[in-house]
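# the sequence isn't on hand, but the structure is:
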């Protein structure tokens, strides 16, 4: 069966060659790959595979309309940098509550991963399904709103706001508010993935990069919001000044900047076996949680940049 993501007749802005046109949004198929990295042909265990430094034919941005998923690629001195960002809904066959999840890979190796499927146990296919971290938004790069994770169900659906594949800054913007239950007090959450060329910022030259921008609006001021990033690389904080007053993490060869700086940063370390993962055997994974609160108007914007 197939389930509608956007209402019948829903149309979104699609930007091409400086012009904006309205385009229908497709349905979301009931099942997608159990391992997002595997679906993209990425190496989930970090072993050497064919380098991707000179692959030009795939640099054009790709939108999988029926999955609300964008794939952005760019060449770097250390190999191809790839980011994938997904919407959809939380009532898929073999569902994971993962609206807004993103992965990042460098030179064909996952750095910010998709955890994939767990080692299956009987209760995974019953009411206990979302107590498994791999099926919960806690196991994805999805925010925690107060103490509320994402909910399951067809009503927890993303909506495409804009897709702009052409020009110097390709982007996909999704409204993901419906991912969370009403009691979370979330009025609006949008997440945008963009690719920027090299340029100049307040603190000097800026490298080519991919940018994830989150904009939140909550019903009450001071709402706690926890921004999550998963990593296959242990991290260190170099301590340089960051555009927008944030902080910088080094995830192996990949640099991650988050602005503004959170009031708390909470890293957690896991083994694949602790998380009951089918993939990443013998690997250590990190979950980095940056804790914020919305301002007096209930607003918060967070930027996450990846580059080498």
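Nice, thanks for sending it over. None of the values given here were measured: they were computed from a predicted structure.
# quick one, phi/psi of residue 269?
The phi/psi pair for residue 269 (degrees, to the nearest 10) reads phi -120, psi 130.
# ok, now how distant is it from residue 234?
8 Å (CB to CB, to the nearest Å). To be clear about C-beta, it is placed using only N, CA and C from the backbone, and glycine gets the same treatment.
# shared neighbours of the two, anything?
Here residue 269 and residue 234 have 284, 286 as joint contacts, going by CB atoms under 8 Å, 6 or more residues apart in numbering.
# which residue lies nearest the spatial centre of this protein?
Compute the mean C-alpha point of the chain, and by CA atoms, centre = their mean the closest residue is residue 102, 2.2 Å away.
# for that one, give the beta-bridge partners.
Applying DSSP bridges to residue 102 gives these bridge partners: residue 85.
# now it: how far from residue 243?
Noted for residue 102: a distance of 20 Å to residue 243, by CB to CB.
# now do residue 300
Separation of residue 300 from residue 243 (CB to CB) stands at 18 Å.
# still on that earlier bit, just the pLDDT at the residue nearest to the centre of the chain, thanks.
Here the pLDDT value assigned to residue 102 is 98.
# so what's the residue count around residue 138?
Counted with other CB atoms under 10 Å, residues neighbouring residue 138 total 19.
# that one touches residue 147, doesn't it?
No - using CB atoms under 8 Å, residue 138 is not in contact with residue 147, being 11.1 Å away.
# specify the beta-bridge partners of residue 265.
Going by DSSP bridges, residue 265 forms beta bridges with residue 290.
# distance-wise, check the residue of the chain most remote from its centre relative to residue 277.
The outermost residue of the chain relative to its centre, with distances by CA atoms, centre = their mean, is residue 122 at 29.0 Å. Separation of residue 122 from residue 277 (CB to CB): 18 Å.
# now for residue 308: which residues touch it?
Residue 308 sits next to 76-78, 81, 106, 207, 253-255 when contact means CB under 8 Å, 6+ apart.
# one more: residue 215?
188-191, 299-301.
# can you classify residue 138 as helix, strand or coil?
Under DSSP: H, G, I helix; E, B strand; the rest coil, the three-state class of residue 138 is helix.
# if you could redo that for residue 114, that was the one I meant.
Using three-state DSSP, the structure places residue 114 in coil.
# hang on, it packs against residue 105?
No - using CB under 8 Å, residue 114 makes no contact with residue 105, being 10.3 Å away.
# who's more crowded, these two?
Set side by side, residue 114 and residue 105 show more neighbours around residue 114, with 29 against 26, by other CB under 10 Å.
# still on that earlier bit, who has more neighbours, residue 300 and residue 243?
Neighbour tally, residue 300 and residue 243, criterion other CB under 10 Å: the higher count belongs to residue 300, 20 against 15.
# which residues does that one bridge with?
residue 216.
# list the contacts of it.
Residue 300 is in contact with 214-216, 218, 225, 292-294, counting by CB under 8 Å, 6+ apart.
# kindly recompute the last result at 6 Å.
By CB atoms under 6 Å, 6 or more residues apart in numbering, the contact set of residue 300 is 216, 225, 292, 294.
# just the pLDDT for it.
The model's pLDDT for residue 300 equals 98.
# any idea how far residue 220 is from it?
The gap separating residue 300 from residue 220 is 12 Å, by CB to CB.
# ranges for the helices of the stretch 1-150 of the chain?
36-39 (DSSP state H, counting those that start in this stretch).
# and the strands in it?
Assigned by DSSP state E, counting those that start in this stretch, the strands in the stretch 1-150 of the chain fall at 2-3, 11-16, 19-24, 28-29, 62-64, 69-74, 81-86, 89-90, 102-106, 109-112, 144-145.
# again with the stretch 151-300 of the chain
153-157, 159-164, 171-175, 186-196, 199-201, 204-206, 209-218, 224-231, 235-236, 247-251, 254-259, 264-271, 284-293, 299-307.
# adjacent strands (with direction) for the second one?
Here strand 159-164 has these sheet partners by DSSP bridges: strand 11-16 (parallel), strand 171-175 (antiparallel).
# tell me the angle of that strand relative to strand 186-196?
Angle, strand 159-164 to strand 186-196, by axes from the mean of the first three to the mean of the last three CA atoms, to 10 degrees: 20 degrees.
# which positions within strand 159-164 qualify as buried?
By neighbour count on 16 or more other CB atoms under 10 Å, the buried set for strand 159-164 is 159-161, 163-164.
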